[in-house]
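J.: coordinates for the following, if possible.
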Amino acid sequence: MQGMKDRQRDFLNELLTIDSPSGFERAGQRVWMEYVESFADEVRMDAYGNAVAVHHGESDAEIAFAGHADEIGLMVRAITDEGFLKLTSVGGTDKTVTRGQHVTVHAEQPVSGVIGQTAIHLREGDDAVDDIGEQHVDIGVDSRTDAEKLVEVGDPITVSGEIASLHGTRLAARGMDNRIGVWAAAEGLRRATQRDADATVYAVATVQEELGFKGARMVGFDLTPDAFVVVDVTHATDSPDVPAQATDDVELGAGPVIARGSANHPRLVDHARRVADTEGIDVQLQADGSATGTDTDAFYTTRGGVPSLSVSLPNRYMHTPVELVDTDDLDAIAELLGAVGAEIDNIQSFVMN
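T.: Numbers count the residues shown, from 1 in each chain. You can find the predicted model right below:
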């Protein structure tokens, strides 16, 4: 494998430091587009912010690599007379990890705040965790008038976090779900072009996946590739906090996860597995008996059915500010995509006779 060079690592770090809650992805998309412009033949963005880059090949085959650019977050729902900000969720925000966190309100100018947490000394007994709608942000003002000079209803909010390099190749940050996906889509395109892919290869950064695959539905209507490969995260089940009933055997550092079942087209699954074996890339398998829970579920049902595949990165502590991945797994996904794209012509037909 190529290994993650400084430029690719800088690109990943840049994506991880940009706030990109669902519906407000533009800043991150601009960074993504600037990166792919150096090796793509064409780059474009649609009205809602979905970004597409393409390498125009000489054969008739076409494949698209996709990740979603958005992250979970919060939004200002109301402002109290005392100047506190009441909240609503953007996507599947976990109420158990928001209280006591530093946040940024993305108003006309960024505003720092904290999500209040009653001190343990003042709580009675084992209080239940407040729903997001019952929590509040304190931006340090004392009145609605002062708050409204800084923020307004509908401003998005993200929990503050830092990128932390742990031992070896382990990396922790907020928003791994799914900056790693858009990173891999871009890198998959770059590595396919380095392999002189004869096929036309697209890289796609979708919006609003956390709200129900909204961007993927738009892109699936607009693009007409022969196949989609979607990169997202999946739960690593190798940490002590995972419930016993979580039976998926997925480990950090053991390679990309190829899903089988439901949306995942058998011939695309077999192609990815053959390529991984040829390239010496270790992969793990996952059973998706009903749905993948990713943009794959939207892509494969567009235009009468488009062969699709979900390839995932093992991720500990999903939807928290400390999501943890192994960058060797991520580099392996990019290398797998590059090889899958370069050899997609080997699939003669997706029709299951």
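
J.: any weak-confidence spans in the stretch 201-350 of the chain?
T.: 246-247 (pLDDT under 70).

J.: what do you get if the cut-off is 80, keeping everything else the same?
T.: Along the stretch 201-350 of the chain, the parts satisfying pLDDT under 80 run over 244-248.

J.: can you check the stretch 51-200 of the chain too?
T.: 124-128.

J.: cutoff 50 now
T.: Nowhere does the stretch 51-200 of the chain drop to pLDDT under 50.

J.: residues near Cys339, how many?
T.: Quick fix: residue 339 is Ala, not Cys. Using other CB atoms under 10 Å, Ala339 has 24 neighbouring residues. Where C-beta positions appear, they are placed from N, C-alpha and C, glycine not excepted.

J.: where does the residue nearest to it when sequence neighbours are not counted land in three-state SS?
T.: Spatial nearest neighbour of Ala339, excluding adjacent residues (CB to CB, 6 or more residues apart in numbering): Val275 at 4.7 Å. Assigned by DSSP: H, G, I helix; E, B strand; the rest coil, the conformation of Val275 is helix.

J.: quick check, Val275 in contact with Val340.
T.: Yes: at 5.2 Å, Val275 counts as touching Val340 under the criterion of CB atoms under 8 Å.

J.: what's the neighbour count on Ala119?
T.: Count around Ala119 with other CB under 10 Å applied: 7.

J.: please determine how far it is located from Gly100.
T.: 10 Å (CB to CB, to the nearest Å).

J.: circling back to that earlier point, which of Val275 and Val340 has more neighbours?
T.: Val340 (30 against 22).

J.: list the contacts for Ala192?
T.: Shown in contact with Ala192 (CB atoms under 8 Å, 6 or more residues apart in numbering): 55, 199, 201, 337-339, 341-342.

J.: so how many other residues sit close to Ala274?
T.: Slight slip there: residue 274 is Arg, not Ala. For Arg274, using other CB under 10 Å, the count is 14.

J.: tell me where the stretch 51-200 of the chain has helices.
T.: 144-148, 176-194 (DSSP state H, counting those that start in this stretch).

J.: most tightly surrounded among the ones you listed?
T.: Most buried of the helices of the stretch 51-200 of the chain, by mean neighbour count (mean count of other CB atoms under 10 Å): helix 176-194, with a mean of 27.

J.: output the helix or strand following that helix as CSV, nothing but the C-alphas.
T.: Once the chain leaves helix 176-194, the next helix or strand it forms, by DSSP states H and E, is strand 200-206. Extracted as CSV, the C-alpha positions of strand 200-206 are listed here (Å, rounded to 0.1, in the frame of the first residue of the first chain):
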residue,chain,number,x,y,z
THR,A,200,-14.7,6.9,-15.6
VAL,A,201,-14.3,7.3,-11.8
TYR,A,202,-16.3,9.8,-9.7
ALA,A,203,-15.7,10.9,-6.1
VAL,A,204,-18.7,12.3,-4.3
ALA,A,205,-19.1,14.2,-1.0
THR,A,206,-22.8,14.1,-0.1
